[in-house]
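> Just the structure for this:
(2 chains)
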Amino acid sequence: MIPYLGGRLVTLAVTLFAAAAAVFLILDVLPGDPAALILGVNARPDTLAALHHAMGLDRPAAWRFLAWLGGMLAGDFGDSFTYHVPIAGLIADRVGVSLPLALLAIALSTAIAIPTGVFAAAQRGKSADTLAMATAQIGVAVPNFWLGLLLILVFSVKLAWLPASGFPGWAGGLWPGLRALLLPAVALALPQAAILARVTRSAMLETMGEDYMRTALAKGLSRATALWRHAVPNALIPVVTILGLQFSFLLAGTIIIENVFTLPGLGRLVFQAIAGRDLIVVQDLVVLLAGSVIVVNFLVDIAYVLIDPRLRARGGP
Amino acid sequence: MRRHAAMAAGGAISAVMLAISLLALVWTPYKPTAIDIAHRLAPPSAAHWLGTDPLGRDVFSMLIAGGHNSLAVAVVAVGAGILAGVPLGLLAGRRGGVVDDLLMRGADLMFAFPALLTAVIITALAGPGALAAALAIGIFNVPVFARLTRGATRALGQRDFVRAAMLLGRHELAIARVHILPNLAALLVVQASIQFALAILAEAGLSYVGLGTQPPAPSWGRMLNDAQTYIFTTPRLAIFPGLAIMAAVLGLNLLGDGLRDLLDPRLRSLRD
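Next comes the predicted model:
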């Protein structure tokens, strides 16, 4: 376990470094002069020179890269060009919206998908299974931002139960914040749940055919007990894999959904940064988001070992 | 039998979508960009089947022209993924060793950048557009096809006919062309149909947030974005483009699932 974990941690560090280097190369070195890109064609020479100096562009690229990376590791993300404030603060404020939204969506989608998938597998071939899988097939095809619009249409426009946009912040208590995140989380979670339910069902069908299931039933366990105690834990491995692979789609979905519901999260910040040509903010956010995908996939690899005692004994997959 | 019916339905939906998109090249009921303020927000009628938008543009014409644009982006994106991914996967699968390790770690790295992030980078540097969206989705497709090709190539490399060709001293390129690629074709077709569906979803998402097809060129995502302003007064504007996306993706997914089941015994032995 320990050597396996050590090896994975080294791979994690190298991958994160490579991702940061790639983003830096594309956004900072490739444009030739990022300061000119930020200021546009009509920039005055002295403004340009000042920004050059402020951005450290009069230094070699390798020095800038290491300074940027070192700063980020120390929590200094640089200063925003449009807002003239530290980017770390801008990001911290918005993580408070995006992270709860993503977590809520993951929780909702697994809470819907795993029971549905298990149920459909147990009812294989019956009408309940057909209905569940037909619904899932449609769910996979629904774009989450359109589902968001439809939810606004029903729950905000027609029923007026939930807000169509905006976020009151967490200062006024948990409930007003959660209320604002409910519709966007459902919009993110349902298409995700459709994918997960299909994976859960097929993983369940595979484990249900295994010898240990026959043994469990033969020793007198009820079908339900055998299902939940033996088939479900074994079926969880492919489900966790897909959950990890889906994380990058969830991230992209969160950024888009924040725009549907005008939530002040990282997604809004990214688009404001593009509109304001705030390249440093774009660079920081892209690395942060790609980094989170890399970290989540690392955690999924570790989770296998925790879920599956066989891998633990072997010292890794 | 039910599986065949689902696949036939998927094939039919995909074929109709394709036909309408091609038709949009030469004919739409109205010019999709023609503004007609006098007839703005008109309800569906014989003249305007799906009504008009806030600028008086014909929604049906915009819808089929938007389908054409979305299809074009998906073709470029999936095509780019195959053209770059398959040779890289062949190289990694046949060479093995350090080349394989480097290419696969590169693929892992590319997976950390969903199309949306790549589109953000491209837009920050060069501005938004349909080409930027196609490129961003295409870049994400490269590691998808590279990994698939590598896994299948390695599995095929163990087969007698490939070993025999190697013993006969056939050139690597000839082995790839004659013995490996034809056996990969089915696998690639199935994956392409799935990536095609994902590309249509991604294109709609990107143009919804303004990183894809730019106005006045019609696109499904853009239409949904425009519709949002009028959701309290004219909610039907938000319905039709979404239905179009859903139908296209559903059709392609049914087709892909059906093809996978049809070809499964052959495909299963090729997967990692």
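
> can we go C-alpha only for contacts and neighbour counts from here?
Will do.

> Please give the number of neighbouring residues around A:Ile256.
22 (other CA atoms under 10 Å in any protein chain shown).

> any idea of the pLDDT on it?
Looking at A:Ile256, its pLDDT reads 93.

> Ok, B:Ala199 next?
Here, the pLDDT recorded for B:Ala199 equals 94.

> now A:Arg312
63.

> Now do the helices in the stretch 201-317 of chain A.
Assignment of helices within the stretch 201-317 of chain A using DSSP state H, counting those that start in this stretch yields the ranges A:211-218, A:223-226, A:232-245, A:247-260, A:266-275, A:279-307, A:309-314.

> These into a markdown table, with extra columns for distance to B:Trp220?
As requested, the helices of the stretch 201-317 of chain A are exported to a markdown table (distance: least, CA to CA, whole Å):
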| stretch | distance to B:Trp220 |
| --- | --- |
| helix A:211-218 | 48 |
| helix A:223-226 | 46 |
| helix A:232-245 | 27 |
| helix A:247-260 | 15 |
| helix A:266-275 | 20 |
| helix A:279-307 | 26 |
| helix A:309-314 | 46 |
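
> close to chain B, is the helix or strand containing A:Trp175?
In this assignment (DSSP states H and E), A:Trp175 forms part of helix A:174-208. No - using CA under 8 Å from any CA of the partner chain, we find that helix A:174-208 stays clear of chain B, coming within 11.5 Å at best.

> and that helix with helix A:247-260, angle?
Inter-element angle recorded for helix A:174-208 and helix A:247-260: 150 degrees (by axes from the mean of the first three to the mean of the last three CA atoms, to 10 degrees).

> what's helix A:174-208 packed up against?
Applying 3 or more CA pairs under 8 Å, 6 or more residues apart in numbering or on different chains; DSSP states H and E, one finds that helix A:174-208 contacts helix A:87-122, helix A:127-141, helix A:144-151, helix A:232-245, helix A:247-260.

> and it, how far out from the chain's middle?
13 Å (CA atoms, centre = their mean, to the nearest Å).

> for the record, mean pLDDT for that helix?
90.

> With stretch B:171-184 instead?
The average pLDDT within stretch B:171-184 is 85.

> buried residues in that stretch?
For stretch B:171-184, burial by neighbour count (16 or more other CA atoms under 10 Å in any protein chain shown) applies to B:Ile175, B:Ala176, B:His179, B:Ile180, B:Leu181, B:Asn183, B:Leu184.

> all helices of chain B, in order?
For chain B, the helices defined by DSSP state H occupy B:2-26, B:59-95, B:97-111, B:115-126, B:130-157, B:160-167, B:172-175, B:181-208, B:220-229, B:240-268.

> which helices and strands does the last one pack with?
Counting contacts by 3+ CA pairs under 8 Å, 6+ apart, the secondary-structure elements packed against helix B:240-268 are helix A:127-141, helix B:2-26, helix B:59-95, helix B:181-208, helix B:220-229.

> what separates the most centrally placed residue in chain A from B:Leu116, distance-wise?
Chain A has A:Leu251 as the residue nearest its centroid, 3.4 Å off, counting by CA atoms, centre = their mean. According to CA to CA, to the nearest Å, A:Leu251 and B:Leu116 sit 9 Å apart.

> wait, does stretch B:72-89 make contact with chain A?
No - applying CA under 8 Å from any CA, one finds stretch B:72-89 separated from chain A by no less than 15.3 Å.

> For that stretch, buried residues please.
For stretch B:72-89, burial by neighbour count (16+ other CA under 10 Å) applies to B:72-82, B:84-89.

> Quick one: low-confidence residue ranges for the chain.
Chain wasn't specified; assuming chain A. The model of chain A has pLDDT under 70 over residues A:1, A:32, A:309, A:311-317.

> Not quite, go with chain B.
In the predicted model, chain B carries pLDDT under 70 at residues B:1-2, B:264-272.

> just how off-centre is stretch B:166-179 within its chain?
In terms of CA atoms, centre = their mean, the centre of stretch B:166-179 is found 32 Å from the chain centre.

> So which residues on the stretch 101-250 of chain A come close to chain B?
Within the stretch 101-250 of chain A, the positions near chain B by CA under 8 Å from any CA are A:137-138, A:140-143, A:145-146, A:149-150, A:153, A:157, A:248-249.

> Please repeat the previous calculation with a cut-off of 10 Å.
Residues of the stretch 101-250 of chain A lying near chain B by CA under 10 Å from any CA of the partner chain: A:137-147, A:149-150, A:152-153, A:156-158, A:245, A:247-250.

> of those, buried ones?
For those, a neighbour count by 16+ other CA under 10 Å gives the buried set as A:137-147, A:149-150, A:152-153, A:156-157, A:245, A:247-250.

> correct me, but A:Thr116 touches A:Ala132?
Yes - counting by CA atoms under 10 Å, A:Ala132 is a contact partner of A:Thr116 at 7.3 Å.

> so what's the backbone phi/psi at A:Asp79?
Per-residue torsions, A:Asp79: phi -110, psi 140 (degrees, to the nearest 10).

> ok, it - contacts?
Residues in contact with A:Asp79 (CA atoms under 10 Å, 6 or more residues apart in numbering or on different chains) are A:Ala54, A:Met55, A:Val85, A:Pro86, A:Ile87, A:Ala88, A:Gly89, A:Leu90, A:Asp278, A:Ile280, A:Val281.

> what does B:Arg163 give?
If you count contacts by CA under 10 Å, 6+ apart, B:Arg163 has them with B:Leu156, B:Gly157, B:Gly169, B:Ile175.

> since we're on the first one, how many residues are nearby?
It refers to B:Leu156. B:Leu156: 21 neighbours (other CA under 10 Å).

> what's the answer for the third one, then?
Residue neighbour count, defined by other CA under 10 Å, stands at 10 for B:Gly169.

> So which residue is dead centre in chain B?
Relative to the mean C-alpha position of chain B, the nearest C-alpha, by CA atoms, centre = their mean, is the one of B:Phe196, at 2.6 Å.

> So what touches the helix or strand hosting A:Ala49?
Using DSSP H and E, A:Ala49 falls within helix A:45-54. Contacts to helix A:45-54, defined as CA under 10 Å, 6+ apart, come from residues A:33-36, A:38-40, A:42-43, A:55-59, A:79, A:81.

> again, 8 Å this time
Here helix A:45-54 makes contact (CA atoms under 8 Å, 6 or more residues apart in numbering or on different chains) with A:Ala35, A:Ala36, A:Leu39, A:Asp58.

> returning to that earlier point: and A:Thr116 and A:Ala132? Which one has more around it.
A:Thr116 (23 against 17).

> Contact partners for the more buried one?
By CA under 8 Å, 6+ apart, A:Thr116 lies in contact with A:Ala132, A:Ala197, A:Arg201.

> swap the cut-off to 7 Å and go again
Going by CA atoms under 7 Å, 6 or more residues apart in numbering or on different chains, A:Thr116 touches A:Ala197.

> Please list the residues outside stretch B:73-80 that contact it.
In contact with stretch B:73-80 (CA under 7 Å, 6+ apart) are residues B:Ala130, B:Ala134, B:Leu135, B:Ile137, B:Gly138, B:Asn141, B:Ala192, B:Gln195, B:Phe196, B:Ala199, B:Ile200.

> If you could redo that for stretch B:245-256, that was the one I meant.
Contacts to stretch B:245-256, defined as CA under 7 Å, 6+ apart, come from residues A:138, A:141-142, B:6-7, B:10-11, B:13-14, B:17, B:190, B:193-194, B:197, B:200.

> Buried subset of those as a PyMOL selection?
Remark: buried members of the contacts of stretch B:245-256, expressed as a PyMOL selection using 16+ other CA under 10 Å:
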select buried, (chain A and resi 138+141+142) or (chain B and resi 6+7+10+11+13+14+17+190+193+194+197+200)
